[in-house]
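S.K.: structure for this input, please:
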Amino acid sequence: MQKILKDKIIEVCNHKIAVKGENVGVSFYAFFKNKNDNPELLMEAATWWIKTNRLNHFEKAIKIKSLVENL
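M.R.: From the prediction side, this is the model:
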């Protein structure tokens, strides 16, 4: 996983956890703007989320953060 994506996932998860608590869920779309301005990075996130880890559409932010930190 590219460092830019890893950093963004951790940043977003930290923010969501701080605002909504440890039970907050996220999808891989949470790490991107509503515009598809970086399709390669979006596909990397989708592949990691769906094919590599076989995660559900929404997962706990704390789980995602832990998975990314342990890469």
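
S.K.: what is the mean pLDDT for the helix or strand encompassing Ile62?
M.R.: Per DSSP states H and E: Ile62 is located in helix 61-69. Mean pLDDT, helix 61-69: 97.

S.K.: gap between stretch 31-41 and the chain center?
M.R.: 12 Å (Cα atoms, centre = their mean, to the nearest Å).

S.K.: what comes up buried for that stretch?
M.R.: Within stretch 31-41, the residues scored as buried using 16 or more other Cβ atoms under 10 Å are Phe31, Phe32, Leu41. The way it works is simple: take the backbone N, C-alpha and C, and place the C-beta from them, glycine included.

S.K.: quick one: least confident of the residues you listed?
M.R.: Of all the buried residues of stretch 31-41, Phe32 carries the smallest pLDDT score, 89.

S.K.: confidence score at the nearest residue to that one once chain neighbours are set aside?
M.R.: Spatial nearest neighbour of Phe32, excluding adjacent residues (Cβ to Cβ, 6 or more residues apart in numbering): Leu42 at 5.7 Å. On the pLDDT scale, Leu42 is placed at 91.

S.K.: burial of Leu42, as a residue count?
M.R.: The local packing of Leu42 (other Cβ atoms under 10 Å) involves 16 other residues.

S.K.: quick one, what contacts it?
M.R.: Phe28, Phe32, Asn36 (Cβ atoms under 8 Å, 6 or more residues apart in numbering).

S.K.: how close does it sit to Asn70?
M.R.: Distance of Leu42 to Asn70, given as Cβ to Cβ, to the nearest Å: 22 Å.

S.K.: now do Lys3
M.R.: Lys3 sits 15 Å away from Asn70, going by Cβ to Cβ.

S.K.: ditto for Ala61
M.R.: From Ala61 to Asn70 the distance is 15 Å (Cβ to Cβ).
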